[in-house]
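1. Curious how this folds, go ahead:
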Amino acid sequence: MSDLRETVRARYAAAANAVADGTPTADCCGPQEEPGFGSGLYASTERDELPADAVTASLGCGNPTAVAELREGEVVLDLGSGGGIDVLLSARRVGPTGKAYGVDMTEEMLALARANATKAGATNVEFLKGTIENIPLPANTVDVVISNCVINLSVDKPAVFAETFRVLNPGGRFGVSDVVAEDTLTTAERAERGSYVGCIAGALSMSEYREGLTAAGFTDVEINPTHQVADGMHSAIIHATKPANVSITDPQPDSRRGGAC
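-> As a prediction, the model looks like this:
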């Protein structure tokens, strides 16, 4: 699994370097001209608000900020924040009394995102280095978790769901864009339709996604396909809720997180 994670990291580091160098974006979750992926899934009014490099670096399969129903003053976390497009859009929606975090494991993407935040004049954002299987934030500190076509890249999806549940406040919301497979497709059939780093082979089926979120403790799980990205594979908006009566206490001391908040 470590080899696969390194393959994903290297591919996204190359994508960040390509944007910084002004060369065409590397093919991660689909090239920019592919209609199922990239910045074309954002409204032109949203793209026009942001630095060009944040838009160019968008490699996702949806627009989670359009459906997350973000509110003034909320704290938002973007899993696999890349060049920062969803963090910057979220920061505008939650306003100066809110906060938008991004977590990414790729140094090159973090550098690009921080540069984009500076260009955008965003003061209520913070980009953290870490993996989405081990989020560097304390429990019960986030109101909304978003992500754009990243969870399918994880080599340990149960850990992602558990960590997301941990960091959410009681009553917190999960609203992500991700690639999902129709329940009729086997793991092998998914791999035939695209690579792991291409956001296809590692995708969960709709039932597997629902079961994974439920096992982590989430309720009100909804999976709504939006468009097809391969035969039997769809981009989808996934919603879920952490019950309002559930609060988690981090073990102390926790050397893994070290107060990174």
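2. Walk me through which strands the lengthiest strand in the chain pairs with, and which way each runs.
-> Secondary structure of the chain per DSSP state E: the longest strand is strand 168-181. Looking at strand 168-181 with DSSP bridges, its partner strands are strand 142-148 (parallel), strand 204-205 (parallel), strand 233-241 (antiparallel).
3. what about the last one, average pLDDT?
-> Taken as a whole, strand 233-241 carries a mean pLDDT of 94.
4. Look up how far Phe174 lies from Val221.
-> If you measure Val221 against Phe174 using C-beta to C-beta, to the nearest Å, the figure is 9 Å. Glycine gets a C-beta too; all of them are placed from N, C-alpha and C.
5. Neighbour count for those two, which is higher?
-> For Val221 versus Phe174, neighbours defined as other C-beta atoms under 10 Å are more numerous around Phe174 (24 against 16).
6. what touches both of Val221 and Phe174?
-> Each of 213, 238-240 lies in contact with both Val221 and Phe174 under the rule C-beta atoms under 8 Å, 6 or more residues apart in numbering.
7. Make JSON lines out of the residues you listed and add distance to Glu133 and neighbour count.
-> Shown next, in JSON lines, are those (distance: C-beta to C-beta, whole Å; neighbours: other C-beta atoms under 10 Å):
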{"residue": "Leu213", "distance to Glu133": "15", "neighbour count": "25"}
{"residue": "Ile238", "distance to Glu133": "18", "neighbour count": "25"}
{"residue": "His239", "distance to Glu133": "21", "neighbour count": "18"}
{"residue": "Ala240", "distance to Glu133": "18", "neighbour count": "26"}
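8. what two of these are the furthest from one another?
-> When those are compared pair by pair using C-beta to C-beta, the farthest-apart members prove to be Leu213 and His239, with a separation of 9.6 Å.
9. Give me the common contacts of those two.
-> Shared contacts of Leu213 and His239 (C-beta under 8 Å, 6+ apart): 174, 221.
10. Now do the contacts for Glu163.
-> Applying C-beta under 8 Å, 6+ apart, the residues contacting Glu163 are 132-135.
11. just the buried members of those residues?
-> The neighbour-count criterion (16 or more other C-beta atoms under 10 Å) marks 132-133, 135 among the contacts of Glu163 as buried.
12. Tell me the buried residues in the longest strand of the chain?
-> If you call a residue buried by 16+ other C-beta under 10 Å, then strand 168-181 has these buried ones: 168-169, 172-181.
13. How far does it sit from its chain's centre?
-> When distances are taken as C-alpha atoms, centre = their mean, to the nearest Å, strand 168-181 is centred 9 Å away from the chain's centroid.
14. Could you identify the helix or strand that succeeds that strand?
-> helix 187-192 (DSSP states H and E).
15. From the contact counts, what lies against that next one?
-> For helix 187-192, not one helix or strand is in contact under the criterion 3 or more C-beta pairs under 8 Å, 6 or more residues apart in numbering; DSSP states H and E.
16. The nearest residue to Gly84 once chain neighbours are set aside in helix, strand or coil?
-> In this structure, Gly84 finds its nearest non-sequential neighbour in Ala113, 3.4 Å apart by C-beta to C-beta, 6 or more residues apart in numbering. Taking DSSP: H, G, I helix; E, B strand; the rest coil as the rule, one finds Ala113 in the helix state.
17. Among the buried ones among the contacts of Glu163, which lie within helices?
-> In helices, defined here by DSSP state H, there are no members of these.
18. Turn those residues into a markdown table, columns for pLDDT and distance to Ala201.
-> Conversion of the buried ones among the contacts of Glu163 to a markdown table gives the following (pLDDT from 0 to 100; distance: C-beta to C-beta, whole Å):
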| residue | pLDDT | distance to Ala201 |
| --- | --- | --- |
| Ile132 | 96 | 18 |
| Glu133 | 96 | 18 |
| Ile135 | 97 | 24 |
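19. got those as JSON lines, with distance to Leu88 columns?
-> Putting the buried ones among the contacts of Glu163 into JSON lines (distance: C-beta to C-beta, whole Å) gives the following:
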{"residue": "Ile132", "distance to Leu88": "19"}
{"residue": "Glu133", "distance to Leu88": "24"}
{"residue": "Ile135", "distance to Leu88": "20"}
